[in-house]
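[1] sharing a sequence plus its predicted fold:
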Amino acid sequence: MKKINYRQYYYGGNYADMELQVPDECSLYEIGMINMSHKVQDIEEETWTKAYAMLCPTEFEDSTLLGNVYFNYIDDVFITDSEIAVLDIESAPRFSGVYSVVYYKDRESESKFSAYLSKIGDIGEASPDELTELVEIGKECKKICSICMLRKLTYTGIEASNVCFKDWVYGEAMASMNIINIKFGRIFMEEFTTDENISELFLKESEKIYKSIINNE
């Protein structure tokens, strides 16, 4: 394990001395500020606090799994001593086969779920078959409306290819393809997966949209 010692700054300028231990294979990258920055006194001159992203093939403290690599960031900090060199974000490895999924609520399935729940009455007295049926109906209430394929880390977030084929509010058919940036502050709210079925759906929907553009359909 290697250590990263830093000052964690807070609103008002107060700070606490912190130490983070990460696996030897962890990589550290300077990124753009996520919340705010404080001016601090270095040994020789005034400077500003910074933000850093970390990627590692193995789990470390407070890290989040992004498909096949663990990720975390520290924000509004001043590193006092680090056993890991700070790298340029452009040198970060690209993601491969990692997706972020967004869902919409299917109203028809939700109505069916509510009706079946009313039919059961007291769920505590439901039979195993009824509970199984309720779970299966519940799964249909949440359906995929868009998929992002992660590309690479950037100075402000994760660059991703986005394919949107359903409206996220009503689930109505739509077609949109673009490159987006998932901000670092949003990453912990996303759902990431390496599921092959998601990969196939991404490819299928993107090809469908591409063909409709090329063929002017």
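    All right, it came through fine.
[2] in the one helix or strand residue 213 maps to, what's buried?
    Using DSSP states H and E, residue 213 sits in helix 196-214. Neighbour-count burial for helix 196-214, with 16 or more other C-beta atoms under 10 Å as criterion, is recorded at 198, 199, 201, 202, 205, 206, 209. Every residue, glycine included, has its C-beta placed from N, CA and C.
[3] ditto for stretch 111-129
    113, 126.
[4] can you list the residues that contact it?
    Outside stretch 111-129, the residues within contact range by C-beta atoms under 8 Å, 6 or more residues apart in numbering are 130, 131, 133, 134, 137, 138, 140, 141.
[5] if we use 6 Å, what do you get?
    In this structure, residues lying in contact with stretch 111-129 by C-beta atoms under 6 Å, 6 or more residues apart in numbering are 130, 134, 137, 138, 141.
[6] and those, which of them are buried?
    Among the contacts of stretch 111-129, those classed as buried by 16+ other C-beta under 10 Å are 130, 134, 137, 141.
[7] just give me the neighbour total for residue 77.
    22 (other C-beta atoms under 10 Å).
[8] contacting residues for it?
    Contact partners of residue 77, counting by C-beta under 6 Å, 6+ apart, are 6, 8, 49.
[9] which of the three states applies to it?
    Here residue 77 is recorded as strand under DSSP: H, G, I helix; E, B strand; the rest coil.
[10] quick one: pLDDT of it?
    What the model reports as pLDDT for residue 77 is 91.
[11] beta partners of it?
    residue 8, residue 50 (DSSP bridges).
[12] about what we covered before: lowest pLDDT pick from the buried residues of helix 196-214?
    Comparing pLDDT over these, residue 209 scores lowest. The value there is 91.
[13] which residue packs closest to residue 69, ignoring adjacent ones?
    Taking C-beta to C-beta, 6 or more residues apart in numbering, and ignoring the residues beside it in sequence, residue 69 has residue 55 as its nearest neighbour in space, at 5.4 Å.
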